[in-house]
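# pasting the structure only:
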């Protein structure tokens, strides 16, 4: 997204240094971001989703919502897609807000998708809906997943494990588990925390 430039090294997209790419174009066309607290504007759900691609038709918006597992809850509201959310509208749950944000990203169809703690604040049921929606939108894309909850990264092609800002391990889920290193310890800790909470 180029909120900050790198201190050393470079970030290359399709052979071009990111510093040479127009930030506005990069943010509108190339990179999509879904974070822990997505922003919903005080307007209709339809317009909140369409924000990802302003020229989209209503049918394109609805199709994106279906892929994001959002259509069923949206159509359950009295005004459906015309329901106003935000300050003067209805309040939606964290999971519903995430699925609206995912629908927006699906509609935008970016080449690179950044998921920054996208499911960390969700309950188990909402996380399952959101994870399912994310699997639909991430196929064929470059996806960067930033997460503390390891269940969200275990299907990644490459996992980069950081500790205090330093890379400590790199590999896929199975390779990292076989190493019985830092990732393995984190996975065991989260598994035992989950078991003791049940």
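Sure thing, it's come through. Quantities reported herein were computed from a predicted structural model and do not represent experimental measurements. Numbers count the residues shown, from 1 in each chain.

# could you list the low-pLDDT ranges of the protein?
Applying pLDDT under 70 to the chain flags residues 1-2, 88-89, 121, 194-198.

# how does it divide into domains?
Segmentation of the chain into domains, based on the TED database, reads 12-148, 151-197.

# now, of these, which is deepest in the fold?
Among the domains of the chain, ranked by average contacts under mean count of other CB atoms under 10 Å, first place goes to domain 12-148 (a mean of 17). C-beta here means a position set from N, CA and C on the backbone, and glycine is covered the same way.

# which SS class is residue 160?
What DSSP: H, G, I helix; E, B strand; the rest coil gives for residue 160 is strand.

# ramachandran angles for residue 112?
Phi and psi for residue 112, reported as degrees, to the nearest 10, are phi -120, psi 130.

# would you confirm that it contacts residue 142?
Yes: between residue 112 and residue 142 there is a contact under CB atoms under 8 Å: 4.7 Å.

# reformat the domains of the chain as a markdown table; add distance to residue 6.
Shown next, in a markdown table, are the domains of the chain (distance: least, CB to CB, whole Å):
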| stretch | distance to residue 6 |
| --- | --- |
| domain 12-148 | 8 |
| domain 151-197 | 14 |
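
# so for residue 4, which of those sits nearest?
In terms of CB to CB, the element of these nearest to residue 4 is domain 12-148, at 11.0 Å.

# gap between the closest one and the chain center?
On the basis of CA atoms, centre = their mean, to the nearest Å, domain 12-148 sits 7 Å off its chain's mean C-alpha point.

# what's the first-to-last distance across it?
Domain 12-148 has an end-to-end distance of 26 Å (CA to CA, to the nearest Å).

# and the strands in the protein?
For the chain, the strands defined by DSSP state E cover 12-13, 16-17, 31-35, 112-116, 142-146, 159-163, 166-171.

# kindly reformat those as a markdown table containing distance to residue 68.
Formatted as a markdown table, the strands of the chain follow (distance: least, CB to CB, whole Å):
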| stretch | distance to residue 68 |
| --- | --- |
| strand 12-13 | 25 |
| strand 16-17 | 30 |
| strand 31-35 | 10 |
| strand 112-116 | 13 |
| strand 142-146 | 15 |
| strand 159-163 | 25 |
| strand 166-171 | 30 |
